[in-house]
Structures are given as C-alpha cells and as structure tokens.
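Undergrad: Could you work out the structure for the sequence below:
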Amino acid sequence: MTRDFYKELGLSPAATAAEIKVAYRQLVKCHHPDAGGDAQRIVAINVAYGVLSQAETRQAYDATQQDNRQRQTTDHGRSQKKTTRTPSASPNITVDPYQWLRVVFDPANRQLSKVITPFPGQLRSLSANVYDDERMTVFCRYISDSQRRVDLVQALYQSCYAPPAFTDLSTDLYRCFRHVQEGLSQLNLYTMGYVDDYLRDGREVMRLARQLRHELQQRRRHLQL
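TA: Purely as a prediction, here's the structure:
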C-alpha cells in the first residue's frame, strides 16, 4: 500500500510545484524537531516532498495512485455483487515493478550514493589529523547529513510494498541502508571518544555497504526498466 504523499503535505493531487514547495517549507517550520516537532513526522514530510518535488518521481507516483484507485473501484464493484454478512478484506495493493523502481528504489539509491561515494574522501581528510577541530567538524557534519539521508531512505523503503518479482532486490536494498546506518553509528561513536575500534568497524561496514550498492546498481542496469 502506498502512502498518500499529497495528504502528508496537506495538498491535492492538482497542486503546482510552487504550492508543493511552499507547503513543505511551512510544515518543516512547524514540525522540525528543533522547534519541538516530532522526528517521525518530519521524516514523513521529507519523504513526501522528496517524491513530489521531482517531476520524474511525481509522475511515477501519480501513475501508481491512479492504478490503485482503479483497482479499488474494480474490487468494490465486485464486492457489491456478492451477498455476504462479512465485510470483504481490503485488497493488498502492490505497485507494479516499474513504478516501485521509480518511486522507491531509484530515489533511495541516489540518497545512498550521496552517503557512500564521499565517504573515502571524508575519511582521508579526517585521517590527516584526527585532532584538528576543523576537520572533525566537517566530518561530523558529513555524518549528520548522511544520517538524515538514511532516514529518508528508510521512509522511502517503507512507503509501499515491493512487487513479488523484486523481493530479493528489495531485501538487498534494505541490507545496504542498514549497513550504512550501522556504519554511521560506529563513526559517530568514534567522534565522541576517538576509540579506534569504532572507526575500524565503521569503515568496514561502509565498505560492505559500498560493495552491496555496486551489486544493486549492476542488477538495476540489467532490468532495463
């Protein structure tokens, strides 16, 4: 089942790009954790905006929603023809493979790339002098920004079910962002006390994440969708 991203932003499907941007900014001001807002709510808002602010992903999402409405209408029509005392269960709606790739996998993959790709350079810069305050500040900012990206990936992943044909791909996407999540956690612990074990473990988990994402990209290219 896909989430209603328009509802998350308090908009109708006919909203313009400008209206989406304005609604997003207003909601962020109201719900940001720094202003006393709920962290889960701001993640949901960021996911909705991430999908609807890009023409490509919005188009794919709109197509998904249209298909879902058509299926619900068809199922409702069928249920009306049946005489039974027990209400029928809600249909288990799953997006088709193309739509799942465009709405979930591709945006999540791009966010993971923005975490994994710069990591070696960030680590080299820090390793030049781990006790340099400026270098550590830059590295901590990278971790903080990356953690927000991983939160977005997780929310995207949970936004709708993967088609049965992509169960393995979906599972490996989950493994990849969990590796990144764990790696960032270890690196963050390192910044708090310079314990080398945390740095070593974080680097190793990020290496595994990089390898897994490379495999995911290869499989995505072969799909040709």
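Undergrad: residue ranges with poor pLDDT in this protein?
TA: Judged by pLDDT under 70, the chain has its weakly predicted residues at 1-2, 33-34, 67-95, 224-225.
Undergrad: Nearest the geometric middle of it, what residue?
TA: What sits nearest the mean C-alpha location of the chain, by C-alpha atoms, centre = their mean, is Val153, with 2.1 Å.
Undergrad: so what secondary structure elements neighbour the host helix or strand of it?
TA: Val153 is part of helix 133-157 when elements are defined by DSSP states H and E. Contacts defined by 3 or more C-beta pairs under 8 Å, 6 or more residues apart in numbering; DSSP states H and E place helix 133-157 against helix 39-52, helix 106-116, helix 119-127, helix 167-193. C-betas here are computed from N, CA, C, even on glycine.
Undergrad: which residues touch that helix?
TA: 43-44, 46-47, 50-51, 103-104, 107-108, 111-112, 114-115, 118-119, 122, 125-126, 128-130, 170, 173-174, 177, 180-181, 184, 187-188, 191 (C-beta atoms under 8 Å, 6 or more residues apart in numbering).
Undergrad: Ala44 against Glu8, yeah?
TA: Yes: counting by C-beta atoms under 8 Å, Ala44 does reach Glu8; the two are 5.5 Å apart.
Undergrad: Skipping adjacent residues, who's closest to Glu56 in space?
TA: Arg102 (6.9 Å; C-beta to C-beta, 6 or more residues apart in numbering).
Undergrad: which residues does the one you found contact?
TA: Counting by C-beta under 8 Å, 6+ apart, Arg102 makes contact with 56-57, 60.
Undergrad: hmm, 10 Å instead?
TA: By C-beta atoms under 10 Å, 6 or more residues apart in numbering, Arg102 lies in contact with 51, 56-61, 63-64, 95, 225.
Undergrad: Equivalent analysis for Gln181, please.
TA: Applying C-beta under 10 Å, 6+ apart, we find Gln181 in contact with 115, 146-147, 150-151, 153-154, 205, 209.
Undergrad: What's the separation between it and Leu189?
TA: The gap separating Gln181 from Leu189 is 13 Å, by C-beta to C-beta, to the nearest Å.
Undergrad: again, but for His32
TA: 25 Å.
Undergrad: same question, Val104
TA: Per C-beta to C-beta, Val104 is found 30 Å from Leu189.
Undergrad: Comparing the two, which residue is more hemmed in?
TA: Val104 (28 against 15; other C-beta atoms under 10 Å).
Undergrad: Tell me the one of the contacts of Gln181 nearest Gly37?
TA: Asp151 (14.1 Å; C-beta to C-beta).
Undergrad: quick one, domains of the protein?
TA: The record's domain parsing of the chain by automatic domain parsing lists 1-93, 95-225.
Undergrad: Can you tell me which of the ones you listed is most buried?
TA: domain 95-225 (a mean of 17; mean count of other C-beta atoms under 10 Å).
Undergrad: Tell me which other helices or strands the helix or strand where Arg221 lies touches.
TA: Here Arg221, judged by DSSP H and E, is contained in helix 196-223. Applying 3 or more C-beta pairs under 10 Å, 6 or more residues apart in numbering; DSSP states H and E, one finds that helix 196-223 makes contact with helix 106-116, helix 119-127, helix 167-193.
Undergrad: Mind putting these into a markdown table with distance to Ser159?
TA: Below are the helices and strands packed on helix 196-223 laid out as a markdown table (distance: least, C-beta to C-beta, whole Å):
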| stretch | distance to Ser159 |
| --- | --- |
| helix 106-116 | 10 |
| helix 119-127 | 26 |
| helix 167-193 | 12 |
